[in-house]
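[1] okay, predicted coordinates and the sequence, questions at the end:
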Amino acid sequence: MVSWDTIFQILSCIENEEVISNTSQQSSRLIVKAKEEFNFFYMVKKGSVRCFSKDYVYLYSLEQGSFFGEYNILFGLFSNTYYQGESPKAEYMVQLFKID
């Protein structure tokens, strides 16, 4: 079975890949807003992403290896969810692969 580290090493070789990181001052960065168009596929490399409804009610969290945005890109849909980076500690960073 392939480990997440191997998958992340492969993703790191993709030219259009960008890693989004929260800084210690920005531990809960909003990644995608509800009603916003998805232009990228995201994969959680480190940390987690909290998902909220349009009314900002907590729905669920995405952990390492989880991904989002693929369905919206394929069908040209807008997000119906807020995606927010989640860091339990200020020194802990959330990292995402952002692939176009």
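    That came through fine.
[2] wait, Val44 sits on Cys51?
    No. Between Val44 and Cys51 there is no contact under CB atoms under 8 Å: 11.4 Å. (C-beta placed from N, C-alpha, C; glycine too.)
[3] in terms of neighbours, single out the busier of these two.
    In terms of neighbours (other CB atoms under 10 Å), Val44 is the more surrounded of Val44 and Cys51; the figures are 23 against 20.
[4] hey, what's in contact with both of Val44 and Cys51?
    Common neighbours of Val44 and Cys51, using CB atoms under 8 Å, 6 or more residues apart in numbering, are Leu62.
[5] any idea how many residues pack against Glu37?
    11.
[6] with Lys98 instead?
    Counted by other CB under 10 Å, the residues lying close to Lys98 total 16.
[7] check what pLDDT it gets.
    Each residue has a pLDDT score; the one for Lys98 is 74.
[8] quick one: least confident helix or strand in the protein?
    Scoring the helices and strands of the chain by mean pLDDT, DSSP states H and E places strand 18-21 at the bottom, with a mean of 56.
[9] following that one, which helix or strand comes up?
    Downstream of strand 18-21, the next assigned helix or strand under DSSP states H and E is strand 30-32.
[10] ok, residues contacting that next one?
    Outside of strand 30-32, the residues within contact range by CB under 8 Å, 6+ apart are 20, 38, 42, 49, 68-69, 79, 81-85, 96.
[11] quick check: buried residues in that strand?
    Across strand 30-32, burial judged by 16 or more other CB atoms under 10 Å covers 31-32.
[12] name every strand pairing with that strand and say which way it goes.
    Strand 30-32 has the following strand partners under DSSP bridges: strand 82-86 (antiparallel).
[13] alpha carbons only: can I get the strand it pairs with in CSV?
    The C-alpha trace of strand 82-86 is given here as CSV (Å, rounded to 0.1, in the frame of the first residue of the first chain):
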residue,chain,number,x,y,z
TYR,A,82,-17.0,27.3,3.6
TYR,A,83,-13.6,25.6,3.9
GLN,A,84,-11.4,26.9,6.6
GLY,A,85,-7.9,25.8,7.7
GLU,A,86,-7.9,24.5,11.3
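[14] model confidence over that strand, on average?
    Averaging pLDDT along strand 82-86 gives 88.
[15] mind listing what's buried in it?
    By 16+ other CB under 10 Å, the buried positions in strand 82-86 come out as 82-86.
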